[in-house]
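In: Below are the sequence and a predicted model for it; my questions follow.
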Amino acid sequence: MELSSTAHLKAPPDRVFAEVANLDTYPGWLGIVSGARRVDATETDVGPAWSMDLVGRIGPLRRTKTLRMVRVEARPPKLVRFERHEVGGGQNSAWVLTAEMEAADGGSQLTIALHYGGAGRIPGLDRLLRDEIAKATKRLAKRLR
């Protein structure tokens, strides 16, 4: 599943980058993230790592999932990319979150893209994630005013 949302923000790219390059800030503007805390990096991690709690609500059902995410690429103030990297092996669905910023109209244009590689089809999940990514860019715009 590939989802993305683009928004114009009044803040300059370096300020937007500072916000999106640190998963600690995500619970404040990305509604599906209920918590994010820095964890120790392993020798195979290429950047800092976080434990991130995701919450999804579809109708009366609520599901929580914890992912270990690593910042695998950071090119300030243009791009940041996080990928799921669990410790202990096992098969895990891919989660990739990318944020790209560019200067535009006295502010920034931000594109957030989410890739979820889960094999199982969960009815309504794509709509939930698509709606939440779109709402998140609006919350982030308010946060950066």
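Out: Looks like it arrived, so ask away.
In: Now do the end-to-end distance for stretch 42-54.
Out: 22 Å (Cα to Cα, to the nearest Å).
In: Buried residues, it. List them.
Out: Going by neighbour count (16 or more other Cβ atoms under 10 Å), the buried part of stretch 42-54 is Asp45, Gly47, Pro48, Ala49, Trp50, Met52, Leu54. For every residue, glycine as well, the C-beta is placed using N, CA and C.
In: which non-adjacent residue is nearest the first one?
Out: Using Cβ to Cβ, 6 or more residues apart in numbering and skipping residues adjacent in sequence, the residue nearest Asp45 is Val70, 4.9 Å away.
In: just checking, what's the longest strand in this protein?
Out: Looking across the chain with DSSP state E, the single longest strand is strand 61-75.
In: helices or strands up against the helix or strand following that strand?
Out: The first helix or strand that comes after strand 61-75 along the chain, using DSSP states H and E, is strand 79-84. Here strand 79-84 touches strand 61-75, strand 95-104, going by 3 or more Cβ pairs under 8 Å, 6 or more residues apart in numbering; DSSP states H and E.
In: So which of the buried residues of stretch 42-54 sit within strands?
Out: Those of these lying in strands (DSSP E): Ala49, Trp50, Met52, Leu54.
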